[in-house]
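**Q** need coordinates for the below:
(one chain, ligands or ions: 1)
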Amino acid sequence: MKFNVNTPEETMNYGEQLADYLSPKDVILLDGDLGAGKTTFTKGIAKGLGIKRNIKSPTFTIIREYQNGRLPLYHMDAYRLDDGSGDELGLEEYFNGDGVNVVEWSNFIEESLPKDYLKIIFKRDDSKGNNYRTIEFDPKGTHFNKIIEESYGKN
Ligand SMILES: Nc1ncnc2c1ncn2[C@@H]1O[C@H](COP(=O)(O)OP(=O)(O)OP(=O)(O)O)[C@@H](O)[C@H]1O
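**A** Coordinates of the predicted model:
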């Protein structure tokens, strides 16, 4: 499923819409260039989960934890992991834990990914305008296929 968006608010709305359907242990992978909208989308998820804190890019911290919503949100950036396995972060514990996991640059932790996950690909196309983006949902496994159908099937 793929959508065109024309404003940051629209991108946020897609994240917010998804939040209602998320449950503990869900793993969401965000792919896309710098400035494509990954953090903006995560802000939408956080809003939908009722998290009041401002969401910042996890680039310099590797992982940011937000605890005060309907579910904890773990926002991670795998880019800086040294050995590529995610062991040093205790990724497995997060993925089998109590919250929703949002992972940027997941290609760096391919061996540590669970069987099922929701991959979301963000692209910009400046020829169509500075604020133009596409958001493509690529769910793996029945759980995430169902979630995408329920959250966006009517869009
Ligand atoms: N349609 C849109 N969707 C999302 N962001 C948009 C859109 N149009 C413009 N923007 C702007 O583009 C920027 C997107 O930044 P954001 O931090 O979400 O990207 P990112 O993919 O997380 O980048 P990085 O990898 O650098 O953290 C923001 O400044 C936002 O206001």
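**Q** how about the helices of the protein, start to end?
**A** Ranges of helices in the chain, per DSSP state H, are 8-19, 38-49, 91-95, 142-152.
**Q** save these as JSON lines, and put in distance to I120 too.
**A** For every residue, glycine as well, the C-beta is placed using N, CA and C. Below are the helices of the chain laid out as JSON lines (distance: least, Cβ to Cβ, whole Å):
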{"stretch": "helix 8-19", "distance to I120": "9"}
{"stretch": "helix 38-49", "distance to I120": "7"}
{"stretch": "helix 91-95", "distance to I120": "17"}
{"stretch": "helix 142-152", "distance to I120": "10"}
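**Q** among those, which is nearest N130?
**A** Taking Cβ to Cβ, helix 8-19 is the member of the helices of the chain nearest to N130, at 10.9 Å.
**Q** list the buried ones in that closest one?
**A** 8, 10-19 (16 or more other Cβ atoms under 10 Å).
**Q** follow-up on the earlier one: looking at the helices of the chain, which is buried most?
**A** helix 38-49 (a mean of 23; mean count of other Cβ atoms under 10 Å).
**Q** wait, isn't R53 in contact with E65?
**A** No - between R53 and E65 there is no contact under Cβ atoms under 8 Å: 10.0 Å.
**Q** ok so, going back, which one of the helices of the chain has the poorest average confidence?
**A** Lowest mean pLDDT of those: helix 91-95, a mean of 91.
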